[in-house]
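just need the structure, nothing else, for what follows:
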Amino acid sequence: MSRVFFILLILIGSSNLGLAQPNNDDVKLANHYYMKGEYDKAEVYYAKLYKKNNTTTFYNRYFNCLMFQEKYDESEKLAKKQLRKDPYTNDNHFKLAQVYEKTDRQDDADAIYQGLIDDLPAIQGRIKTLGNDFKNKGKYNWALATFEHGKSLTKNGYQFQLELAELYTLTNQPELMIAEYLNLLEYSPTYLRTVQNYLSRAIDFEEDIETVNLLREELLVRIQDMPDAHHYSEMLIWYYMHTQEYMGAVIQAKALDKKKKNNGERVYKIGNELATNGAYDEAIKAYIYVEEIGEKSPYFFQATGQKLNLMFLTVINSPGYDKAQIREVANAFETVISERGKNAQTVYMMVQLAEIYGFYLDETMRAENLVSECMALSNNRREIAKYKILLGDIYVVSGKIWEASLLYMQVEKDYSEEPIGHMAKFKNAKVFYYDGEFDYAKAQLDILKASTTKLIANDAMQLSLLLQDNLGIDTTQAPVKMFAATDLLVQQHKYDEALQMLDSLDKSYPFHSINDEVLFKKGEIYEHLQNYDKAIEYYQTVIDAYSHDILADDAAFRIAKIYDYKLNDKAKANEYYRLIMFEFGSSLYTAESRERFNFIQKNFDLQEKFDKGINQ
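Take a look at the predicted model:
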């Protein structure tokens, strides 16, 4: 008996299942007509499918077909029927309200919306769902009403600040938007980064001056009312950084550091951000504050090193600097190292000083001694490898190219598969290039063209192409040897000799294929000599005469940077950044040029002048 009953249950279940399955042909036809916009034909099939299978998909499509045909009486009956079956789904209420709105019964629609809000339980998830449903349908005021009512229901804990702030943004109520984002910090200061990210997206700090001022005023009021709420001080620092009021950021960071007794930590980090943004003067002031705290600050030594580094960068980035200014910075380094000793905490200052002596003051012996002392202080193999490369570079300047080669080979051997090893291999290849050993140099460069380090691969490719394009076209290697010798003279800062060598090369081989390299190298030399007009002249000749050769985009980028950073002519700089973007789209410099171009367009009032210059 039990077996018979079980079989009957299976048969009945199978029969019911068969009835529940929609006809695939009906589904296909319904979807076909619906997608073509033939709603009268689609309606017939969806009505049948809905009657047999009361699923959300069939109901929604059936309802839409009726609404698209303006069959509002039938739409209303269908919506009410579905609502009776399922009164717990918000969308069923919204569909009936939609019919009311289409038939000019806004009061009835509003009653539905208000009823949904009034029936909300004190459950955050349900409140968020209804509020987001209203928002997604573009009913922002009803969404606001939902979350405001939700606040009165939940009372404590999270009060829908993010949702309300977003809605105030959508309804163009910036003051309330700002208030809600800041209210989130009162709920939990851990949302600091979240609030900053949302405000960055909600406010255009360059264009929306009124909203920016509202934010400033609100922050200042809250800091005054709640002086111990440090998150508002952090927000004001963030505000000053966004508005590029860098000194304000430093002052506020100092005040916060003193309140929290952080021994300079916050100010040091602000100094680093300012340095990254190129605000060297303000960054130096931040580092000086940390220095004045003394050694009880864990950032005491780093702050000094960063300050000295920015002093150096300030000099070399200023037009027309001379060795006396460099010497003054070197003396500042010497004073600090003398006071604090040569040890692990000052070693990075010693490295920087060695670079200054070796590459800017032509005191290579002092530089070599400093680097050797750095190596003696370190037990870290990778750090020692970096020092070896630096010492090799100094040897090149002082003419000890084979001593340099030995150091480069040591690093290459120890780190053959890593970027630092690739760099050493490239520098060693250049040594052989300087000495006229072109076959060996090119073999090494060709290997490096596959380097994972893009910059090394690009430099290797350029030098390899120089050798490939200029060797073997005649019976002598003399022009290339002269050019390689010039390259070495430039590395050794013997600029007058280098120019004489290039002039001789130009006169002796006036039609040689290396002439574009000669022009570019002269541009480099005059750039080193701070004769920027002359440098631009040579780079421009490369662009004009060799626009399809490999150096044209390099020349354009060099000109752009001279105008941008040395001559402070942003309009001219952007002409060349634009040239790189549109004429040399595959250039290694395209991304950087686009970034700088956009920055200048946003931060300098150049559009009219720039357009005029381009059109001339």
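
can you say which helix or strand has Leu390 in it?
Taking DSSP states H and E as the criterion, Leu390 maps to helix 381-398.

for the helix or strand hosting Ile117, give me every contacting residue.
Ile117 is part of helix 106-118, with elements assigned from DSSP H and E. Applying C-beta atoms under 8 Å, 6 or more residues apart in numbering, the external contacts of helix 106-118 come out as 90, 93-94, 96-98, 100-101, 130, 134, 139, 142, 145-146, 149. For the C-beta atoms, the positions are set from N, CA and C on the backbone; glycine is no exception.

which residues sit against the following helix or strand past that helix?
Going down the chain from helix 106-118, the next helix or strand is helix 124-136, by DSSP H and E. Here helix 124-136 makes contact (C-beta under 8 Å, 6+ apart) with 90-91, 94, 113, 116-117, 120, 140, 142-143, 146-147, 149-150, 153-154, 157-158, 160, 163, 166-167, 170.

before we move on, what about stretch 229-244?
Outside of stretch 229-244, the residues within contact range by C-beta under 8 Å, 6+ apart are 182, 185-186, 189, 192, 195-196, 200, 205, 212, 215-216, 219-220, 222-223, 226, 246, 248-249, 252-253, 255-256, 259-260, 266, 270, 273, 277, 279.

try stretch 535-544
Residues from elsewhere that reach stretch 535-544, judged by C-beta under 8 Å, 6+ apart: 516, 519-520, 522-524, 526-527, 549, 551-552, 555-556, 558-559, 562-563, 579.

among the residues you listed, which lie within strands?
Cross-referencing the contacts of stretch 535-544 with the strands (criterion: DSSP state E) gives no overlap at all.

follow-up on the earlier one: just the buried members of the contacts of helix 124-136?
Restricting the contacts of helix 124-136 to buried positions leaves 94, 113, 116-117, 120, 140, 142-143, 146-147, 149-150, 160, 163, 166-167, with burial counted as 16 or more other C-beta atoms under 10 Å.

give the buried residues for the helix or strand encompassing Ala249.
Here Ala249 sits within helix 246-260, counting by DSSP H and E. Buried residues in helix 246-260, counted by 16+ other C-beta under 10 Å: 246, 248-257.

which helices and strands sit right next to the host helix or strand of Phe58?
Secondary-structure element containing Phe58, defined by DSSP H and E: helix 56-68. Packed against helix 56-68, as judged by 3 or more C-beta pairs under 8 Å, 6 or more residues apart in numbering; DSSP states H and E, are the following elements: helix 24-36, helix 39-52, helix 72-85, helix 90-102.

and the angle for the third one with helix 106-118?
Between helix 72-85 and helix 106-118, the angle formed by their directions is 20 degrees, by axes from the mean of the first three to the mean of the last three C-alpha atoms, to 10 degrees.

buried by neighbour count: which residues of helix 72-85 qualify?
By 16+ other C-beta under 10 Å, the buried positions in helix 72-85 come out as 74-76, 78-79, 82-83.

now that helix: mean pLDDT?
Confidence for helix 72-85, expressed as mean pLDDT, is 93.

got a list of contacts for that helix?
Contact with helix 72-85 is made by 54, 59, 62-63, 66-67, 92-93, 95-96, 98-99, 102-103, as judged by C-beta under 8 Å, 6+ apart.

try 6 Å this time
Counting contacts by C-beta atoms under 6 Å, 6 or more residues apart in numbering, the residues outside helix 72-85 that touch it are 59, 63, 66-67, 92, 95-96, 99, 102-103.

in this structure, where is pLDDT below threshold?
Per-residue confidence of the chain (counting by pLDDT under 70) places the weak regions at 1-23, 472-475, 605-616.

about what we covered before: just the buried ones from the contacts of stretch 535-544?
Buried subset of the contacts of stretch 535-544 (neighbour count, 16+ other C-beta under 10 Å): 516, 519-520, 522-524, 526-527, 549, 551-552, 555-556, 558-559, 562-563, 579.

helices - which of the residues you listed land there?
516, 519-520, 522-524, 526-527, 552, 555-556, 558-559, 579 (DSSP state H).

if we can go back for a sec, just checking, what packs against the helix holding Leu390?
Identification of packing neighbours for helix 381-398 by 3 or more C-beta pairs under 6 Å, 6 or more residues apart in numbering; DSSP states H and E yields helix 364-377, helix 401-414.

quick one, helices of the stretch 101-250 of the chain?
For the stretch 101-250 of the chain, the helices identified by DSSP state H, counting those that start in this stretch occupy 106-118, 124-136, 140-154, 161-170, 174-187, 192-202, 209-225, 230-242, 246-260, in order along the chain.

and Asp393, how close does it get to Glu418?
Shown here: Asp393 relative to Glu418, a distance of 19 Å by C-beta to C-beta, to the nearest Å.

restrict stretch 244-264 to CA atoms and write it as PDB.
Below are the C-alpha coordinates for stretch 244-264, written out as PDB (Å, rounded to 0.1, in the frame of the first residue of the first chain):
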ATOM      1  CA  GLN A 244      46.400  74.300  -2.000                       C
ATOM      2  CA  GLU A 245      46.500  76.500   1.000                       C
ATOM      3  CA  TYR A 246      49.600  74.700   2.100                       C
ATOM      4  CA  MET A 247      50.700  77.000   4.900                       C
ATOM      5  CA  GLY A 248      47.200  76.600   6.500                       C
ATOM      6  CA  ALA A 249      47.700  72.800   6.400                       C
ATOM      7  CA  VAL A 250      51.100  73.100   8.100                       C
ATOM      8  CA  ILE A 251      49.700  75.400  10.800                       C
ATOM      9  CA  GLN A 252      46.700  73.200  11.500                       C
ATOM     10  CA  ALA A 253      48.900  70.100  11.500                       C
ATOM     11  CA  LYS A 254      51.200  71.700  14.100                       C
ATOM     12  CA  ALA A 255      48.200  72.500  16.300                       C
ATOM     13  CA  LEU A 256      46.900  69.000  16.100                       C
ATOM     14  CA  ASP A 257      50.300  67.500  16.700                       C
ATOM     15  CA  LYS A 258      50.600  69.500  19.900                       C
ATOM     16  CA  LYS A 259      47.100  68.600  21.100                       C
ATOM     17  CA  LYS A 260      47.700  64.900  20.500                       C
ATOM     18  CA  LYS A 261      51.300  65.000  21.600                       C
ATOM     19  CA  ASN A 262      52.400  63.000  18.600                       C
ATOM     20  CA  ASN A 263      56.000  64.300  18.600                       C
ATOM     21  CA  GLY A 264      55.900  65.600  15.000                       C
END
